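# structure for this input, please:
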Amino acid sequence: MTKFHYEDYLSSLNIDVMHFGLDTMMGLLAKFGNPQNDYPTILVAGTNGKGSTAAMIASIMKQSGRRVGLYTSPHLVDVRERIVINGAKIPVRILDHIVREIKNRLAGHITYFEVLTAVAFIYFQRAHVDIAVMEVGLGGTLDATNVCRPIVSVITNIGLEHTAYLGRTLTAIAKEKAGIVKPAGICITGASQQRVVQTLTATCRQNQAVLFRLGTDFKMFRRKDGLADYHGMTKILNGLVVPLRGGYQLSNTALALAVIEIIEKNGFVTDSEAIYSGLKKTHWEARMEILSERPFFLLDGAHNPSGVSALQSALKKDFSWRRLILIFAVLADKDYLAMLKKIAPLAAITILPPLQTNRAVKARELARVMKGLGCRAIVSESVGQAILKAMKMAADSDMICALGSFYLAGEIKQVFHQMHSCDKQHGDAGQGRI
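Residues are numbered from 1 along each chain as shown. Take a look at the predicted model:
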């Protein structure tokens, strides 16, 4: 008899297949007694900043003494990164057991994302979490996570992304993401575009839900000393450490703090010490993550035009460098021309590696686009080769920045880990390069 292993089953499901609709999830979870209804949840949607915001909320709640489930996507190296409790990944044996249960109870087709979402709901119930923070995968209304009843729904921001699925206008995308707003619920948003705000306001009115807006109901201020002050509905918190790099993280931090304020009415009272400590201890990989100091190597998950704009701003304002060397790879469903127009002119050269997914744009196609933009680019045979080329080119005063896809971020993390292990074996770990 062949031994079951979750990796074998998950690999049999096409990770790139998307399914819009809740019938499969509702039917499956009903067979497990609807675990998603057994604990409070916070649902976080938006174009960018979902993972960062969710991570900050979870970190603060953990510091307040709660048992907190956190579900995010995608993962970078290990699928277990998606499902954690108080920072600890779901154990292999438990993931294996729950995936096997799901497979045995299934009647029909299911996607990779639906399986993992179901695992998260079931695991969090069985592990008796006090609260779960769930990141929406794509959109909102028909996303697999939208089977829960959140005590707060967060919509970080709205930009043009996944237009083939969500709609070709900001209004259409906002309407789709606003599907996570529940009757008599609470919605928090950092979106500021007039059309988007009008759509969210109308949705909340229809659902008799309350809408809280960044910049109107709560505010965040960056101080000259690098710290930040938060002025909320009930709390004023001065001298906060914004845990993640990039000016845009100020907004994500404000959203996380607004959630903490609002859920106090649900019994989750959090003292100031836990807020300050929880924020400071937040770690979120591939978001302005520094992999190496000499040369300076920055890894970021920017994968759409608005994300690249935020990265571009941060590179100019928050870092200093003589030359910029980019490593760029991207999925075909992204507006990569707009992304490259924003970031490529900053760079002395862009290295274009292939990705290990059929969804990626071919490196030679990206090279053609770069040529049309008048920007210098070279194609590498692999992500590992791209890293070695960049490290060889870069002087100590230069910066390497990798961006374009979480697939790229994951492959880079794997290669860096392998290189670091080799350095240790050969006694080179102290040289500070990787």
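# may I have the phi/psi pair for S292?
phi -150, psi 150 (degrees, to the nearest 10).
# what about it, how many neighbours?
For S292, the count of nearby residues is 18 (other C-beta atoms under 10 Å). Just so you know, the C-beta spots here come from the backbone N, C-alpha and C atoms, and that holds for glycine as well.
# so what's it scoring on pLDDT?
Note for S292: predicted pLDDT of 91.
# mind listing the residues bridging to it?
F297 (DSSP bridges).
# and the gap between it and L324?
Per C-beta to C-beta, to the nearest Å, S292 is found 15 Å from L324.
# what's the answer for G190, then?
From G190 to L324 the distance is 28 Å (C-beta to C-beta).
# now do T203
In terms of C-beta to C-beta, T203 sits 41 Å off from L324.
# A386 too?
15 Å.
# more neighbours: which of these two?
Under the neighbour definition other C-beta under 10 Å, A386 and L324 were set side by side, and A386 has more, 30 against 21.
# helix, strand or coil for that one?
helix (DSSP: H, G, I helix; E, B strand; the rest coil).
# quick one: the helices in the stretch 101-250 of the chain?
112-126, 163-166, 170-177, 194-206, 249-262 (DSSP state H, counting those that start in this stretch).
# hey, which of the ones you listed is tucked in deepest?
helix 249-262 (a mean of 26; mean count of other C-beta atoms under 10 Å).
# show the secondary-structure elements that that one is packed against.
Counting contacts by 3 or more C-beta pairs under 8 Å, 6 or more residues apart in numbering; DSSP states H and E, helix 249-262 packs against helix 50-63, strand 152-155, strand 186-189, strand 219-222, strand 228-231, helix 272-280.
# which one, of the ones you listed, ends up nearest to K392?
The closest of the helices and strands packed on helix 249-262 to K392 is helix 50-63. By C-beta to C-beta, the value is 32.0 Å.
# give me the angle between that closest one and helix 249-262.
40 degrees (axes from the mean of the first three to the mean of the last three C-alpha atoms, to 10 degrees).
# who touches helix 50-63?
42, 44, 46, 68, 70, 72, 86-87, 130-131, 133-136, 154, 156, 243-244, 249, 252-253, 255-256, 259-260, 268, 270, 273-275, 277-279, 281-284, 287 (C-beta atoms under 8 Å, 6 or more residues apart in numbering).
# what's the offset of the next helix-or-strand element following that helix from the middle of its chain?
Following helix 50-63 in sequence order, the next helix or strand is strand 68-71 (DSSP states H and E). In terms of C-alpha atoms, centre = their mean, to the nearest Å, the centre of strand 68-71 is found 13 Å from the chain centre.
# same check on stretch 133-141?
Using C-alpha atoms, centre = their mean, the offset of stretch 133-141 from its chain centre is 11 Å.
# any idea of the mean pLDDT for that stretch?
Per-residue scores along stretch 133-141 average to 94.
# buried ones in it, by neighbour count?
Within stretch 133-141, the residues that count as buried by 16 or more other C-beta atoms under 10 Å are V133, M134, E135, V136, G137, L138, G139, G140, T141.
# quick one on the thing from earlier: adding mean pLDDT, write the helices of the stretch 101-250 of the chain out as TSV.
Listed next are the helices of the stretch 101-250 of the chain as TSV, based on pLDDT from 0 to 100:
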stretch	mean pLDDT
helix 112-126	97
helix 163-166	64
helix 170-177	94
helix 194-206	97
helix 249-262	97
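# got those helices as TSV, with distance to D398 columns?
Formatted as TSV, the helices of the stretch 101-250 of the chain follow (distance: least, C-beta to C-beta, whole Å):
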stretch	distance to D398
helix 112-126	38
helix 163-166	36
helix 170-177	37
helix 194-206	38
helix 249-262	24
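# helices and strands around the helix or strand hosting F416, which ones?
Assigned by DSSP H and E, F416 belongs to helix 406-425. Using 3+ C-beta pairs under 8 Å, 6+ apart as the contact test, the elements touching helix 406-425 are strand 296-299, strand 324-328, helix 383-393, strand 399-403.
# how about TSV for these, with distance to T145 and mean pLDDT added?
Formatted as TSV, the helices and strands packed on helix 406-425 follow (distance: least, C-beta to C-beta, whole Å; pLDDT from 0 to 100):
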stretch	distance to T145	mean pLDDT
strand 296-299	26	96
strand 324-328	30	98
helix 383-393	30	96
strand 399-403	26	98
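# between these, which gets nearest to T234?
For the helices and strands packed on helix 406-425, proximity to T234 was assessed by C-beta to C-beta; strand 296-299 is nearest, at 36.9 Å.
# quick one: list the elements packing against that closest one.
Checking 3+ C-beta pairs under 8 Å, 6+ apart, strand 296-299 ends up next to strand 289-292, strand 399-403, helix 406-425.
# so what strands line up beside the second one?
Partner strands for strand 399-403, per DSSP bridges, with pairing direction: strand 296-299 (parallel), strand 324-328 (parallel).
# quick one: E114 and D23, what's the gap?
Noted for E114: a distance of 11 Å to D23, by C-beta to C-beta.
# kindly report the same for D225.
53 Å.
# between these two, who's got more neighbours?
Using other C-beta under 10 Å as the criterion, D225 and D23 rank with D23 on top: 10 against 7.
# for the more buried one, give me its contacts.
By C-beta under 8 Å, 6+ apart, D23 has no neighbours at all.
# and the pLDDT at it?
For D23, pLDDT reads 93.
# with H162 instead?
67.
# excluding its backbone neighbours, what's nearest P354?
Nearest residue to P354, sequence neighbours excluded (C-beta to C-beta, 6 or more residues apart in numbering): A363, at 5.2 Å.
# now do the contacts for the one you found.
A363 sits in contact with A329, L352, P353, P354, V379, S380, where contact means C-beta under 8 Å, 6+ apart.
# related to what we said a few turns ago, just send the helices and strands packed on strand 296-299 back as TSV, with distance to T234 too.
As requested, the helices and strands packed on strand 296-299 are exported to TSV (distance: least, C-beta to C-beta, whole Å):
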stretch	distance to T234
strand 289-292	33
strand 399-403	38
helix 406-425	36
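# among those, which is the most enclosed?
strand 399-403 (a mean of 25).
# next, the angle helix 383-393 makes with that strand.
Going by the same axes, to 10 degrees, strand 399-403 makes 160 degrees with helix 383-393.
# still on that earlier bit, which of the buried residues of stretch 133-141 fall in strands?
Judged by DSSP state E, these include V133, M134, E135 as members of strands.
# nearest to K103, of these?
Closest to K103, out of all of these and judged by C-beta to C-beta, is M134, at 22.4 Å.
# how much space separates the closest one from K50?
In terms of C-beta to C-beta, M134 sits 10 Å off from K50.
# between those two, which contacts overlap?
V44.
# and the chain, what are its domains?
Following automatic domain parsing, the chain resolves into domains at 6-280, 289-431.
# where among those domains is average confidence lowest?
domain 289-431 (a mean of 91).
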